[in-house]
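Participant: Here is my input, please return the structure:
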Amino acid sequence: MIAEKFEILTQWIAKGALVLAALFLVLMALHVSLDVGLRYLFGKSFTGTLEVVSFYYMVAVVFLPLAYVELQQEHISVDVVVGRLPPAVQLTLYLLAGVLGLIYFGMLCYQSYLDAVRATVRMETAMANFKFYLWPSRWALPVGFAAMCLAILANMIKALRQRQAL
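Facilitator: Residues are numbered from 1 along each chain as shown. From the prediction side, this is the model:
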């Protein structure tokens, strides 16, 4: 029962992050389209379009949906050899890979969190024609990696409940 509630919570978090990433994708498309339209029609463009697209939109679009993709088991995997092994061995290897994934993404989450805190305290900016704050975009990484850890853990629990590798 607790495992099912954890899976549901993880699905909500992953879907929320996916929706946020989709929103950033739509904003990016509108921003770039307006910028191109203004430049073509009036010879003027928005200041900082390249920076906003590169440092805000792209970062969110790449890192926020990681958990959703994991829950859907859509990350790249090659199981040519493992697929021929007995189900118990497949489950063991799946859980081992999950533990390694938790360690890997946990370390990425921790380090990117430290980087985001440092950038926020410094009010980190980028060199541009104007004052462009980078620190808000730094938070997409720890959020995406933390959600990824939750998704890996939820998939591991699901595999244990079903007694088979996903």
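
Participant: quick one: strands adjacent to the lowest-mean-pLDDT helix or strand in the chain?
Facilitator: One helix or strand of the chain scores below all others by mean pLDDT, DSSP states H and E: strand 125-126, with a mean of 86. Paired with strand 125-126 in the same sheet, following DSSP bridges, are strand 132-133 (antiparallel).

Participant: And the contacts of the helix or strand that comes right after the strand it pairs with?
Facilitator: Using DSSP states H and E, the helix or strand that follows strand 132-133 towards the C-terminus is helix 135-138. Helix 135-138 is contacted from outside by 55-56, 59-60, 112, 115-116, 119-120, 122-124, using C-beta atoms under 8 Å, 6 or more residues apart in numbering. Heads up, the C-betas are built off the backbone N, CA and C, glycines and all.

Participant: and the longest helix for the protein?
Facilitator: helix 2-42 (DSSP state H).

Participant: Give the other helices and strands that that one contacts.
Facilitator: helix 49-52, helix 58-63, helix 66-71, helix 140-162 (3 or more C-beta pairs under 8 Å, 6 or more residues apart in numbering; DSSP states H and E).

Participant: sorry, back to before: any of the contacts of helix 135-138 buried? List them.
Facilitator: 55-56, 59-60, 112, 115-116, 119, 124 (16 or more other C-beta atoms under 10 Å).

Participant: Distance check, the residue located most distally from the centre of the chain against V36.
Facilitator: What lies farthest from the middle of the chain is F42; by C-alpha atoms, centre = their mean that is 37.2 Å. Going from F42 to V36 by C-beta to C-beta, to the nearest Å gives 11 Å.

Participant: do I157 as well
Facilitator: 47 Å.

Participant: Determine which member of those two has the greater number of neighbouring residues.
Facilitator: I157 (17 against 12; other C-beta atoms under 10 Å).
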